[in-house]
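Student: test case, fold it:
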Amino acid sequence: MEVILLERVEKLGQMGEVVKVKDGYARNFLLPRKKALRATEANKKVFETQRAQLEAQNLAKKGEAEKVAAKMVGLSVALLRQAGDSGQLYGSVSARDIAEAVTAAGFTLNRNQVALTDPIKAVGVYTVKVALHPEVSLEVKVNVARSEAEAEKQVAAESLLDEGVTLEGEEAEEAEGEAEQA
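Tutor: Presented below is the predicted three-dimensional model:
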């Protein structure tokens, strides 16, 4: 099926492009979410008349998303979960949990904006991609720990590893164990 994209869709195309996609993808994803129109002659004419308006709306949304992204740079959220001695969680951390934590930190975020390929199932510090707009995305650090004290230790160990500081003795083994879990 051929569709006209109403916004940029990752790995598919830019706004205004006519692309050929599988019928199910168009019917179940693109059309219901108003990301595309069927590429009929009538829809092509309608799109051309509304193109300037759609581009202006897209630019406004992109500008707003960039402002929010500038405020969110370096954001780190901590999630406390129960886990076994090996660091394996008794459940998992999903995109919904991350979205709720970011919202609690003061930024409105929908779970669909969190790009989490697999649920997080172990204690550690993870980097998760958040797409505020099809053209604006950033990374958020998610610290999954058993307690506040452990979360602080993980952040300290992560920042030391980022700075290239080498740890000695037990501290090095503990930091390596936490890094492997992440």
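Student: so residue 29 sits in a strand?
Tutor: No. Residue 29 is assigned helix when assessed by DSSP: H, G, I helix; E, B strand; the rest coil, not a strand.
Student: ok, now how distant is it from residue 3?
Tutor: Distance of residue 29 to residue 3, computed by CB to CB, to the nearest Å: 10 Å. For every residue, glycine as well, the C-beta is placed using N, CA and C.
Student: more neighbours: the two, which one.
Tutor: Each of residue 29 and residue 3 has its neighbours counted (other CB atoms under 10 Å); residue 3 has more, 24 against 14.
Student: check contacts around the more buried one.
Tutor: 18, 19, 21, 26, 30, 31, 36, 37, 38, 39 (CB atoms under 8 Å, 6 or more residues apart in numbering).
Student: neighbour-wise, give me the winner out of the residues you listed.
Tutor: Ranking the contacts of residue 3 using other CB under 10 Å puts residue 36 first, with 28 neighbours.
Student: distance of that one from residue 93?
Tutor: Counting by CB to CB - residue 36 and residue 93 are separated by 32 Å.
Student: off-centre distance for the helix or strand harbouring residue 102?
Tutor: For residue 102, the host element (DSSP states H and E) is helix 95-104. Centroid separation between helix 95-104 and its chain, computed with CA atoms, centre = their mean, to the nearest Å, is 11 Å.
Student: same for it, what does it pack against?
Tutor: Judged by 3 or more CB pairs under 8 Å, 6 or more residues apart in numbering; DSSP states H and E, helix 95-104 is in contact with strand 76-80, strand 114-115, strand 136-145.
Student: tell me which residues in the first one are buried?
Tutor: Residues of strand 76-80 classed as buried under the neighbour-count rule (16 or more other CB atoms under 10 Å) are 77, 78, 79.
Student: doesn't residue 7 fall inside a strand?
Tutor: No. Counting by three-state DSSP, one finds residue 7 to be coil, located in no strand.
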